[in-house]
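Novice: Give the three-dimensional model of this entry:
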Amino acid sequence: MSIARLVDEGRIHRFSATKEEVNRAMEIAARDLAVAENLLTIDVDWCFSIAYNSVLQACRDYMFHKG
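Specialist: Have a look, this model is predicted:
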C-alpha cells in the first residue's frame, strides 16, 4: 500500500514537525543507542530491545523530516 493511498484513505495524515521535534527524536534515538551499547555485555536481550527502539525513533525522525 502506498503512502499516498494511506493519506487518501485518511489512515495517516501529513504532519509538519518543528525543528525542535526533529532534533528531539534524533536525541532519543542517540540516547537509546548509547544505552543499548552499554548493556551489550550485561543483558543482550535488553540491548537488542533498546537498539530496536533506537531504530524506531530514527525512523520516526525521518518521517518528521519528510512531513
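Novice: how far away is the residue nearest to residue 13 when sequence neighbours are not counted from residue 16?
Specialist: Using CB to CB, 6 or more residues apart in numbering and skipping residues adjacent in sequence, the residue nearest residue 13 is residue 7, 7.1 Å away. C-beta coordinates here come from the backbone N, C-alpha and C atoms, glycine included. Residue 7 sits 14 Å away from residue 16 when distances are taken as CB to CB, to the nearest Å.
Novice: could you check the distance from the most centrally placed residue in the chain over to residue 34?
Specialist: With distances taken as CA atoms, centre = their mean, the chain has residue 57 as the residue nearest its mean C-alpha position (1.6 Å). Distance of residue 57 to residue 34, given as CB to CB: 12 Å.
Novice: Then residue 23?
Specialist: Looking at residue 23 against residue 34, where the rule is CB to CB, the gap reads 16 Å.
Novice: what's the longest helix in this structure?
Specialist: Determined from DSSP state H, the single longest helix within the chain is helix 44-66.
Novice: buried stuff in that helix?
Specialist: Using 16 or more other CB atoms under 10 Å as the burial criterion, the residues of helix 44-66 that qualify are 47, 50-51, 53-54, 57-58, 60-61, 64.
Novice: Any idea which of those the model trusts least?
Specialist: Comparing pLDDT over these, the lowest score belongs to residue 64 (81).
Novice: Excluding covalently adjacent residues, which one is nearest to that residue?
Specialist: On the basis of CB to CB, 6+ apart, the spatially nearest residue to residue 64 that is not a chain neighbour turns out to be residue 17, at 3.7 Å.
Novice: OK, contacts around that neighbour?
Specialist: Contacts here follow CB atoms under 8 Å, 6 or more residues apart in numbering; on that basis residue 17 touches 25, 64-65, 67.
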